[in-house]
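K.L.:
what would the 3D arrangement of this be:
(one chain, ligands or ions: 1)
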Amino acid sequence: MLRVGLAMLQGARHEHAEALRGAAKELHLEIEIVECRRADHVDESLDALVLPGGESTTMRIASRYESLLGALFEWMDTHPERPVLGTCAGAILLAAPEEGRAPYLAAGISRNAWGRQRESFEAVVDVSLDVPKATYQETEPAGRDRFAHQPLEVASQAASALKEGFPGVFIRAPRFDQASVECTPVVHLGEEVVGVLDGKKLGVTFHPELTLDRRFHRWLLHEANITSEGA
Ligand code: GLN
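P.N.:
This is a model prediction of the structure:
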C-alpha cells in the first residue's frame, strides 16, 4: 500500500485525489491518500507527495498558521529520493520555496507570466517522460465525478490525436525562465519548456489533474512504488 500525501493547500486538491485514484487503478496499485492539512500529517510514512496548483501567495500565508509548508519542505529535504509532483502554483513552490531554502527544481520561474490575454488557455503539450502505460481502461464513459467536476474531454480528444500529446490546461500559469532551466526538460509547449524533472521532483506549469490523462499521476505512483520496494 503506497501512502501518497496530498498537500491541502488552497487550490485544486480534490481533482488530484481523483486523478491519483484513477492512476492507481491504471497501474493496479493500492494507494492511500493522506490529506496533509497540518504539519503533523506530513510524516515518515509518506511515499510520495503532490503539491497542487492554486494561488502560491495565499498558500504561503494560509499555511503559516499550521506550519504546513515548512513541514512539506522538511519532508522533501529528508527524503530526496521520494517523488513529488508540483503543478502550477505547486511548481512555483518547488522552484522558489522560500527565503533561505534551496530550490528543488534547478529552474527559475515567474508567476503569472503569460500576460493578460493569455492568462488561461488550453494547448497540447509534448511529454517526454518515462511513464508506464495504463494497463486498465475505464469502460464507462467519463462523467462528472463525485465532486461534480467534469474532466476536460474535448482537450483530451485533441491530444490523443498526437502520440505523446497531452492536454495542457494553463490557468494564470507561471512560466519557467527558459534560459535558467538547468534540470531535465520533460514537457514542451512548442519550443517552450513547461515541465521539468530534477531528480525525483517533477514540476509542471499546467494542471494535469483537470484532464483524464493520468500520465503524470502514474509517473508519481510508479516512482513511489520503485522507491518503496527498494527501501
Ligand atoms: N497564478 C498562481 C500563482 O502565481 C498560480 C496559478 C495556478 O496554480 N493555477 O500562484
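K.L.:
any idea which element M76 lies in?
P.N.:
If you go by DSSP states H and E, M76 is part of helix 68-78.
K.L.:
which elements pack onto that helix?
P.N.:
strand 2-7, strand 31-36, strand 48-51, helix 56-66 (3 or more Cβ pairs under 8 Å, 6 or more residues apart in numbering; DSSP states H and E). In short, each C-beta sits where N, CA and C put it, glycine included.
K.L.:
list the buried ones in the last one?
P.N.:
When burial is assessed from 16 or more other Cβ atoms under 10 Å, helix 56-66 yields the following buried residues: 56, 59-60, 62-63, 66.
K.L.:
of all those residues, which two lie farthest apart?
P.N.:
S56 and E66 (16.8 Å; Cβ to Cβ).
K.L.:
before we move on, the earlier item: out of the helices and strands packed on helix 68-78, nearest to the ligand?
P.N.:
For the ligand, the closest of the helices and strands packed on helix 68-78 is helix 56-66, at 3.2 Å, according to Cβ to the nearest ligand atom.
K.L.:
identify the residues contacting that closest one?
P.N.:
Outside helix 56-66, the residues that touch it by Cβ atoms under 8 Å, 6 or more residues apart in numbering are 9-11, 37-39, 69-70, 89, 92-93, 98, 111.
K.L.:
burial of the residue nearest to V34 when sequence neighbours are not counted, as a residue count?
P.N.:
Distances taken as Cβ to Cβ, 6 or more residues apart in numbering place G5 nearest to V34, at 5.0 Å, with adjacent residues excluded. By other Cβ atoms under 10 Å, the residues close to G5 number 23.
K.L.:
what bridges to G5?
P.N.:
Beta bridges link G5 to V34, L49, judged by DSSP bridges.
K.L.:
show me what contacts it?
P.N.:
Counting by Cβ under 8 Å, 6+ apart, G5 makes contact with 34, 36, 41-42, 46, 48-50, 72, 75.
K.L.:
confirm that L220 sits in a helix.
P.N.:
Yes: assessed with DSSP: H, G, I helix; E, B strand; the rest coil, L220 lies in a helix.
K.L.:
that one contacts A24, correct?
P.N.:
No: judged on Cβ atoms under 8 Å, L220 makes no contact with A24 at a distance of 10.2 Å.
K.L.:
those two: which is more packed in?
P.N.:
Between L220 and A24, counted using other Cβ under 10 Å, L220 has the larger neighbour count: 29 against 21.
K.L.:
thanks again, I'm all set now.
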